[in-house]
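# have a look; sequence and predicted model below, questions after that.
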Amino acid sequence: MQFFNFVGGRWTPSASGRTFENRNPADTRELIGHFADSTVADAEQAIAAARGAYDSWRLVPAPKRAEILFRAAQLIADRKEAFARDMTREMGKVLDETRGDVQEAIDMTYFLAGEGRRLHGQTAPSELRDKFAMSIRQPIGVCAMITPWNFPMAIPSWKIIPALVCGNTVVLKPSELTPLSAVHFIKVLEEAGVPPGVVNMVTGGPAVGEALTTHADVSVVSFTGSTAVGRLVNQNAAPHFKKVHLEMGGKNAIMILDDANLELALEGCLWGGFGTTGQRCTAASRVIVHEKIHDRFVEQFVARARALRVGDGLDPQVQVGPSISEKQLQKVMSYVEIGRQEGATVACGGSRLTGPAHANGFFHEPTVFTGVTRSMRIAREEIFGPVVSVVKCASLDEAIAIGNDVVYGLSASIYTQDVNRAFRAMRDMYTGIFYVNAPTIGAEVHLPFGGTKATGNGHREAGLAALDVFSEWKSIYVDFSGKLQRAQIDTE
Ligand code: UN1
């Protein structure tokens, strides 16, 4: 099956005529489809289409823009099951989770379409007589979006929907590993009535990304992916002073104190660490456990991790799917080796799965490292796979110090029954997201999503904060006194 770019309201092949293959990571014998391997020229055409559509789209009343988006949300809801199945085939995560991914796109679309009747600004009194003061949100122009493979529909929705409701136009470059879910999402927007040129999609590799991040007609770049690529995006965008939103890596910690409900903590660590095969930027890849309960925790955590069923995400018995690619699996394996060499103990897992059920995919055993110290690379670097490092601590203060001692700051959590300790951790963990008695994954669409330090650059997506990425404030003063009034001077 052949899939195309979407440019100016038409599904078109790349000018190069080239395509790339998308295959099922659980069984690479299954071809999902051929997608356009686009060039700089394709990206430029998409940017021109978006630029051309901007002047009329920005003038469509926001509630009317939102009506189209409400229709889109309904269409996604109608097709949820089919979209989820296709997503499992191209991305690998289990069906329950791909249903959740599609649901997150539905939720985000409904939530932000609701902003069509708000997009609130402020009114304020003026310091002068007969003068009115207010601020309004204004669209910015063409927004380029570069999205990852781990949330193939949710993350495009986090970016596209707020951009559209604010009145911008869009060029999306989805990950080469999960373009089908992006095609589904874009088709829904087309069917819902988004006018030609308002949303465009160009599939392909780094050449497309570079064109989108350097082109003079792109005003906003929103990127989710690795910290290394995020840095490049930022550098590419800097000469034109583009507004850049970056959402990058994480090394998220669950802290378990000695008074924790151990059963709850175990369930949370299993879901936070091995859900989505550890391939969430919010994944709980570190567990910091109080020494008093450490051994009991480890014993049970290891037993449960060992019992997880790994396989094809379409099989309802399976709990953990494959890594997304051979390259990603190799990265996981190299970190397992690094952990061993650093002197940590492989308490369970540690190997690629190669038996008959796993031979054609990128499967790895759920792996727990114990005896990990905070200076080890497996405690500091993002692995993005089914690998959890357990670090021992002696107190809440030490847990927080270890928790914060990484370059990232996306998500963290604490398990404790003590409200005082929970509030201290809430205050002192320097992350963008924090949970009490829940794992580090599971953000909801109506609160800001993002992180501190090397995770982000100060912006947030989701919640109303998403509007700040895709709109610009304009302050407006209306003087109806009929005379010149000088602010700060005519004070009588
Ligand atoms: C991501 O991993 O890039 O909070 C996004 C969560 C999900 C989103 C994760 N709602 O885990």
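Now that the structure is in, tell me what you want to look at.
# and the gap between the residue nearest to residue 105 when sequence neighbours are not counted and the ligand?
Closest residue in space to residue 105, ignoring its immediate chain neighbours: residue 157 at 3.8 Å, by Cβ to Cβ, 6 or more residues apart in numbering. In short, each C-beta sits where N, CA and C put it, glycine included. Residue 157 sits 11 Å away from the ligand, going by Cβ to the nearest ligand atom, to the nearest Å.
# ok, residue 157 touching residue 182?
No - using Cβ atoms under 8 Å, residue 157 is not in contact with residue 182, being 10.3 Å away.
# which one of those two has more residues nearby?
residue 157 (30 against 26; other Cβ atoms under 10 Å).
# distance from the helix or strand where the more buried one lies to the middle of the chain?
Applying DSSP states H and E as the criterion places residue 157 in helix 154-166. Between the mean C-alpha location of helix 154-166 and the chain-wide mean there is a distance of 12 Å, by Cα atoms, centre = their mean, to the nearest Å.
# who are the contact partners of residue 89?
By Cβ atoms under 8 Å, 6 or more residues apart in numbering, the contact set of residue 89 is 24, 26, 30, 32, 180, 314.
# can you rerun that using 10 Å?
Applying Cβ atoms under 10 Å, 6 or more residues apart in numbering, we find residue 89 in contact with 22-27, 30, 32, 98, 180-181, 312-314.
# drop anything exposed from these.
Using 16 or more other Cβ atoms under 10 Å as the burial test, these include 22-27, 32, 98, 180-181, 312-314 as buried.
# nearest to the ligand, of the residues you listed?
residue 98 (12.6 Å; Cβ to the nearest ligand atom).
# what kind of secondary structure is that closest one in?
For residue 98, the secondary-structure state derived from DSSP: H, G, I helix; E, B strand; the rest coil is helix.
# pretty sure it contacts residue 184?
No - judged on Cβ atoms under 10 Å, residue 98 makes no contact with residue 184 at a distance of 11.5 Å.
# hang on, the earlier thing: can you name the element that comes right after the helix holding residue 157?
Next in sequence after helix 154-166, counting helices and strands by DSSP H and E, comes strand 169-173.
# pairing partners for that following strand, with directions?
Sheet partners assigned to strand 169-173 using DSSP bridges are listed as strand 142-146 (parallel), strand 199-201 (parallel).
# okay, domains of this structure per the record?
2-248+456-476, 253-436 (automatic domain parsing).
# so which residues of this protein form helices?
40-57, 62-78, 80-91, 95-113, 154-166, 179-192, 206-214, 227-237, 262-274, 291-307, 326-342, 396-404, 419-428, 465-470 (DSSP state H).
# just the pLDDT for the residue of the stretch 151-300 of the chain found nearest the ligand.
Nearest to the ligand, among the residues of the stretch 151-300 of the chain, is residue 280, at 3.4 Å (Cβ to the nearest ligand atom). We have a pLDDT of 97 for residue 280.
# same check, this time on residue 313
Confidence score, pLDDT, at residue 313: 98.
# what distance do you get for it to residue 267?
20 Å (Cβ to Cβ, to the nearest Å).
# before we move on, what about residue 376?
Distance check for residue 376 against residue 267: by Cβ to Cβ, it reads 26 Å.
# cool, residue 186 as well?
37 Å.
# give me the more crowded residue out of those two.
residue 186 (22 against 14).
# hang on, the earlier thing: spit out the contact partners of the residue nearest to residue 105.
69, 72-73, 76, 101-102, 104-109, 111-112, 147, 151, 185, 188-189, 445, 462.
# could you do residue 70 as well?
Neighbouring residues of residue 70 by Cβ under 10 Å, 6+ apart: 109, 110, 113, 114, 116, 192.
# hmm, the third one is touching residue 69, no?
Yes - proximity of residue 113 to residue 69 meets the contact threshold set by Cβ under 10 Å, at 3.7 Å.
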